[in-house]
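>>> need coordinates for the below:
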Amino acid sequence: MKTSIAPAIPTNFERIFHPQNIAIIGISAEDGGTGFGSGMFLAIKAMGFEGQIFPVNPKGGNLKGSHIYKKVEDIEELVDFAIITVAAKHVPEVLEGCLRKGIEGVEILSSGFSELGTEAGYELEKKIKSIAAGGIRVVGPNCFGIYCPKSGLTLLPGPDLSRQTGSVAFLSQSGGNAIDLAHKGKWMGIRFSKVVSFGNGADLRETDLLKYLADDASTKVISMYIEGIKDGDAFFESIQYASKNKPVIVCKGGLSQAGLRSVASHTASLGGSRIIWQSVLRQVNAISVQDLNELAHAALAFSLLPPGIYKRISVVGGGGALGVGACDAAEALDIEIPPFTTEQQESIGKFLPKPGSSAINPIDVANPFVPPQVLKEVLLEAAKDSRIDLQIIISLLYHYKVLATAMGLKVTEVAPFQELAETVCDVVKTTGKPVVVVLPNPKKGLDDFDTTEMLMIARREFLERGLPVFDELSDALRAISQVNGYFAQRNANHE
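Residues are numbered from 1 along each chain as shown. You can find the predicted model right below:
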C-alpha cells in the first residue's frame, strides 16, 4: 500500500536542525548560568555552535559578553530557531513574537502544560497549538529539545555530548531518555544524526518526525521511545512509510498498569494495550525492544553492520562455558553456530594452543593470552567456510591485569588491544565478512578502575575501525537477531 504523508505546514527542517542563528529566550544575566536559558546558552557555546546566539530577556543586560535583547523582534538579523525557557504563562506571548519574527521553529523547554492535568495547563497548550498552526513549528513543551552533532545543537543540559555525527536518529517523549541515550552513545559507539526530545508534542511529534527522518539522507537507523500517540492512523502510516527502507527501533513505555499511570502524569499521553502495540509493530516490521539498553544495542548493530541476514556464525575465543552459552543463546534466537568439518577443524587447530583448545565452533582458544596474529589466522580460516555469514570474537582482555601486576606495568601497557583491533579489521577487509567484538568485564571493583579504563580504550580502538563492540555475548546475539529479523521481513515484503 502506498502512503502519502505530509505535515500540515510545509517545514524547512534544515533551518530547525542546522540553524545559522539561534535566539534563546529566558536568559538571565543574574543567575550565574544556573537557569535553563543561561544553561542552554553556555551548553551550545561549549558544543562549538558556529552561528550567532542571541540572548533574550525583557530586563536586557549582558551575559558573558553577549548583549541580551529585550524582545526577539529587536534582533536585526534573521533567526532560524529559538529556544524558549520562560515560565509557562509567558510562553504563548513569546511564541507569537517568534512567529512575527519569521522564525522557522522553536523548542519549548518550559513545563507546566497538559502534563499537569489541570484546566490551566490544557488551555496553555491549546494556545501553543493555535499559534503553531499560524506558521511556526514547535518542539515540546516540557522537553529537553534537539541534539544535532553536525550543527552543534544540544539537549538540556548537554554541553559535553559528542560532536561526531552519525547515522542513528532518536525520537523520545522522555527528555531523560534522550539525554541518557546521547551520553550512552558517546562511549558505546552510537553516532547520531539527530536526537529529538519532544515532550508533550503539542505540534511536532513522532508522526511528522518519522516522515522527515524516513527521507533524511543522513539518517540510516531510526529509534524511538514512545509513551503514547494522539493519532493512531497517522502514526501507523508514518512508521510503515519509514520502516520500508530503514530499520525503526521502538521502545514503548507505559504498557503495564503502573506504567500507564506514570505516562499520564509525565507527558499527558495515552499508553495503550501491549497486545495492540506489539501487533502494530509486527505489521510494519518495526523492531520492538524492552528498554533503553536493548534499544542502544540494536541501534549499534544496525548502524555498524552491513545490511544483511546473518543466520550462521562462528564464535572465536572465550572459554568452554562461554561457547556453551553461545550455542544456547544463538539457538533461542534462530542463529546457527554450525560445527566445522573435520578438515576445517584440523586447519584451524594448527594455530591453537594445546592442550585444552577446540576448533569445532564455537572455537575455544584455551587461554586469554593467545597473540592477536594467531587469532587473525583462526578468524581467516573460519571465514573460509562458505556457510559462515558473520564472526564473533570474545576477547578476555581483562585477564591482562594479572600480567601487568606481575610485570609492574600498567594494564594499558600490556594488553594488546590496539594490535587486536588492527588484525580484526584486516580480517574483515580480507574476507568481506563482518566481525562483532565482545569484551566482557567481570572485574568492576574499586581496585579495577585501570582494567575498566583499558577496556574503554580498547572499545574505542575497535569502534574507530567500524567494528561493533558489546560487553556481553547475549547482547551481541540479540542485536544480530534483530538485524536478521528486520532484513528478512523487508526482503519478503519486496518479493
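>>> number of nearby residues for Ala406?
9 (other C-beta atoms under 10 Å). (Glycine included, C-beta is placed from N, CA and C.)
>>> pLDDT at it, what is it?
Note on Ala406: pLDDT of 96.
>>> could you say which helix or strand holds it?
helix 400-407 (DSSP states H and E).
>>> so what's the gap between stretch 288-306 and the chain middle?
8 Å (C-alpha atoms, centre = their mean, to the nearest Å).
>>> now do stretch 173-191
6 Å.
>>> and that stretch, what's buried?
173-175, 177-179, 181-182, 184-186, 188-191 (16 or more other C-beta atoms under 10 Å).
>>> also stretch 310-325?
310-319, 322-323, 325.
>>> any low-confidence regions in this structure?
1-9, 31-34, 254-272, 320 (pLDDT under 70).
>>> could you chop it up by domain?
13-302, 306-494 (automatic domain parsing).
>>> of the ones you listed, which stretch is the most buried?
Each of the domains of the chain was scored by mean neighbour count; the highest is domain 13-302, a mean of 20, by mean count of other C-beta atoms under 10 Å.
>>> any idea how far apart the tips of that one sit?
The first residue of domain 13-302 is 25 Å away from its last residue (C-alpha to C-alpha, to the nearest Å).
>>> that one: how far from the chain's middle?
With C-alpha atoms, centre = their mean, you get 15 Å for domain 13-302.
>>> show me where the stretch 1-150 of the chain has its helices.
All helices of the stretch 1-150 of the chain, identified by DSSP state H, counting those that start in this stretch, fall at 13-17, 36-46, 91-101, 119-132.
>>> same deal with the stretch 351-495 of the chain?
372-383, 400-407, 411-414, 417-431, 449-464, 473-494.
>>> check contacts around the residue nearest to Ser347 when sequence neighbours are not counted.
Ranked by C-beta to C-beta, 6 or more residues apart in numbering and with sequence neighbours excluded, the top spatial neighbour of Ser347 is Glu381, at 5.2 Å. Glu381 makes contact with Gln344, Ser347, Ile348, Phe351 under the criterion C-beta atoms under 8 Å, 6 or more residues apart in numbering.
>>> so which of the residues you listed are in strands?
Per DSSP state E, strands hold no members of these.
>>> will you turn those into TSV that also has distance to Ala202?
Converted to TSV, the contacts of Glu381 look like this (distance: C-beta to C-beta, whole Å):
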residue	distance to Ala202
Gln344	61
Ser347	64
Ile348	60
Phe351	62
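>>> out of the residues you listed, which comes closest to Leu124?
Ile348 (67.6 Å; C-beta to C-beta).
>>> I'd assumed Ser357 was in contact with that closest one.
No - with contact defined as C-beta atoms under 8 Å, Ile348 does not count as touching Ser357 (9.3 Å).
>>> for Val248, list each beta-bridge partner.
Ile222 (DSSP bridges).
>>> relative to Ala326, how far out is the spatially closest residue to Arg205 that is not a sequence neighbour?
Of all residues not flanking Arg205 in the chain, Phe198 sits nearest, at 5.2 Å (C-beta to C-beta, 6+ apart). Noted for Phe198: a distance of 40 Å to Ala326, by C-beta to C-beta, to the nearest Å.
>>> over to Arg460?
Taken as C-beta to C-beta, the span from Arg460 to Ala326 is 25 Å.
>>> residues touching the nearest residue to Asn142 once chain neighbours are set aside, list them.
Of all residues not flanking Asn142 in the chain, Gly199 sits nearest, at 3.9 Å (C-beta to C-beta, 6+ apart). With contacts defined as C-beta under 8 Å, 6+ apart, the neighbours of Gly199 are Ile108, Glu115, Val139, Gly140, Pro141, Asn142, Cys143, Phe144, Gln173, Gly175, Thr267.
>>> thinking the third one is in contact with Gly105, fair?
Yes - counting by C-beta under 8 Å, a contact exists between Val139 and Gly105, whose distance comes to 6.8 Å.
>>> need the overlap of contacts for these two.
With C-beta under 8 Å, 6+ apart as the test, Val139 and Gly105 both reach Ile16, Leu204.
>>> alpha carbons of the longest strand along the chain, as PDB, please.
Using DSSP E to define each element, the chain has its longest strand at strand 165-172. This file holds the C-alpha atoms of strand 165-172, laid out as PDB (Å, rounded to 0.1, in the frame of the first residue of the first chain):
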ATOM      1  CA  THR A 165      27.900  12.900  13.600                       C
ATOM      2  CA  GLY A 166      26.500   9.500  12.500                       C
ATOM      3  CA  SER A 167      23.500   7.700  11.100                       C
ATOM      4  CA  VAL A 168      21.200   7.000  14.100                       C
ATOM      5  CA  ALA A 169      18.200   9.200  14.900                       C
ATOM      6  CA  PHE A 170      16.400   9.000  18.200                       C
ATOM      7  CA  LEU A 171      12.900  10.400  18.900                       C
ATOM      8  CA  SER A 172      11.900  10.500  22.600                       C
END
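>>> that strand: partners in the sheet, and parallel or antiparallel?
Here, using DSSP bridges, strand 165-172 pairs with strand 192-197 (parallel), strand 221-226 (parallel).
>>> got the angle between the one helix or strand Ala178 maps to and strand 165-172?
Assigned by DSSP H and E, Ala178 falls within helix 175-188. Here helix 175-188 runs at an angle of 160 degrees relative to strand 165-172 (axes from the mean of the first three to the mean of the last three C-alpha atoms, to 10 degrees).
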